[in-house]
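Student: could you work out the structure for the sequence below:
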Amino acid sequence: MDTSEWLKSVLNEDEAIAEFTVTGTRQTGYCIVPADVSSEYIDITGCLEETLHRIMEADDQSGVPSDAVTDETIRSVLLADKKEDEDENGSLEIDLGYRIHGQIMTVKRVPLTAVGFEKKMYERYKLIWMVDHGITLFDAFAEWRDYCDPANGFEADTSSEAAFEDWEYNSGFSGSLYPCFAEYLQTDYQIEDLQRTFTAHEQRCWRLDQP
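Tutor: Residues are numbered from 1 along each chain as shown. Model (predicted):
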């Protein structure tokens with residue numbers, strides 16, 4: 001998994017990825033940014049620090065306490081390390097003793113791919129489908145919880161993701177469920193219609209995410 005893809009795995013719903021360049025290197029760094037703020041208004045230092053802490057938290061949760069792994073991840077994502085020497089381009093201190101050796105030159109949001117946007121809209125569609133069928137979030141949780149109960153023969157050590165996929169494929173709401181992603185793209189997904197039903201926030205994010 002490349003760096004930007006790794007960051008996507010720890011994004012919150014209201015966040016996006018931006019890439020940046022630094023004086024003195026041809027490498028590209030990445031950081032987490034607000035989803036509804038265009039590049040010119042991003043607090044880049046604050047975003048770099050938030051990304052740093054997110055990496056540290058993700059490493060803690062992985063159960064791998066290796067400093068080498070953490071430092072390598074931070075170096076590959078943020079182009080930052082704890083070296084004290086400064087080069088001719090100066091340095092940008094962020095947090096926890098880490099610094100970027102150079103100054104930020106450019107910041108550009110990583111466009112949301114077509115597939116990424118379609119999947120985001122599919123998740124929205126699933127919620128709308130449940131509302132249209134009179135199913136609340138409480139109903140959905142209760143159905144999934146009962147299906148995954150070890151007392152019903154479900155393996156207790158199954159991951160949440162695998163359990164949910166199993167529930168979608170084999171059960172759903174008493175045999176009724178929204179179309180699968182492939183079927184959704186062929187039937188209910190029409191980008192022209194979707195654009196007319198976007199909320200103001202979704203319209204803003206759509207524009208920001210275009211190359």
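
Student: only C-alpha atoms for contact and neighbour calcs from this point on.
Tutor: Noted.

Student: how about stretch 135-143: buried residues?
Tutor: E143 (16 or more other Cα atoms under 10 Å).

Student: one more: stretch 154-167?
Tutor: A163, F164, W167.

Student: quickly find the element holding K108.
Tutor: K108 is part of strand 104-109, with elements assigned from DSSP states H and E.

Student: what pairs with that strand, parallel or antiparallel?
Tutor: strand 15-22 (antiparallel) (DSSP bridges).

Student: now do the next helix-or-strand element following the partner strand: which elements does it pack against?
Tutor: For strand 15-22, the following helix or strand on the C-terminal side (DSSP H and E) is strand 28-34. Applying 3 or more Cα pairs under 8 Å, 6 or more residues apart in numbering; DSSP states H and E, we find strand 28-34 packed against helix 3-8, strand 15-22, helix 44-62, helix 67-78.

Student: walk me through the domains of this protein.
Tutor: Domain assignment for the chain by automatic domain parsing gives 3-109, 114-208.

Student: and P34, how many neighbours?
Tutor: For P34, the neighbour count with other Cα atoms under 10 Å is 18.

Student: swap in E50?
Tutor: Close neighbours of E50, defined as other Cα under 10 Å, add up to 17.

Student: which of the domains of the chain sits most buried?
Tutor: domain 3-109 (a mean of 16; mean count of other Cα atoms under 10 Å).

Student: that older thread, with mean pLDDT as added columns, please give the domains of the chain in JSON lines.
Tutor: Below are the domains of the chain laid out as JSON lines (pLDDT from 0 to 100):
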{"stretch": "domain 3-109", "mean pLDDT": "79"}
{"stretch": "domain 114-208", "mean pLDDT": "75"}
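
Student: T106 against V22, yeah?
Tutor: Yes: shown here, T106 and V22 form a contact pair, counting by Cα atoms under 8 Å, at 7.4 Å.

Student: return the distance of stretch 158-168 from the chain's centre.
Tutor: 20 Å (Cα atoms, centre = their mean, to the nearest Å).

Student: not counting that stretch itself, show me its contacts.
Tutor: With Cα atoms under 8 Å, 6 or more residues apart in numbering as the test, stretch 158-168 has contacts from W144, Y147, C148, L177.

Student: of the residues you listed, which is the nearest to M130?
Tutor: M130 lies nearest to L177 out of these, by Cα to Cα, at 8.5 Å.

Student: the closest residue to the closest one other than its chain neighbours: what secondary structure?
Tutor: Among residues not flanking L177 along the chain, E168 sits closest, at 7.5 Å (Cα to Cα, 6 or more residues apart in numbering). What DSSP: H, G, I helix; E, B strand; the rest coil gives for E168 is helix.

Student: could you list the alpha-carbon positions for stretch 97-106 in PDB?
Tutor: Coordinates of each C-alpha in stretch 97-106 appear next as PDB, following Å, rounded to 0.1, in the frame of the first residue of the first chain:
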ATOM      1  CA  GLY A  97      10.800  16.900  18.100                       C
ATOM      2  CA  TYR A  98      10.100  16.200  14.400                       C
ATOM      3  CA  ARG A  99      11.000  18.700  11.800                       C
ATOM      4  CA  ILE A 100      10.900  19.000   8.000                       C
ATOM      5  CA  HIS A 101      14.300  20.000   6.600                       C
ATOM      6  CA  GLY A 102      13.100  22.700   4.200                       C
ATOM      7  CA  GLN A 103      10.200  25.000   3.700                       C
ATOM      8  CA  ILE A 104       6.800  24.000   2.300                       C
ATOM      9  CA  MET A 105       6.600  25.100  -1.400                       C
ATOM     10  CA  THR A 106       3.300  23.800  -2.700                       C
END
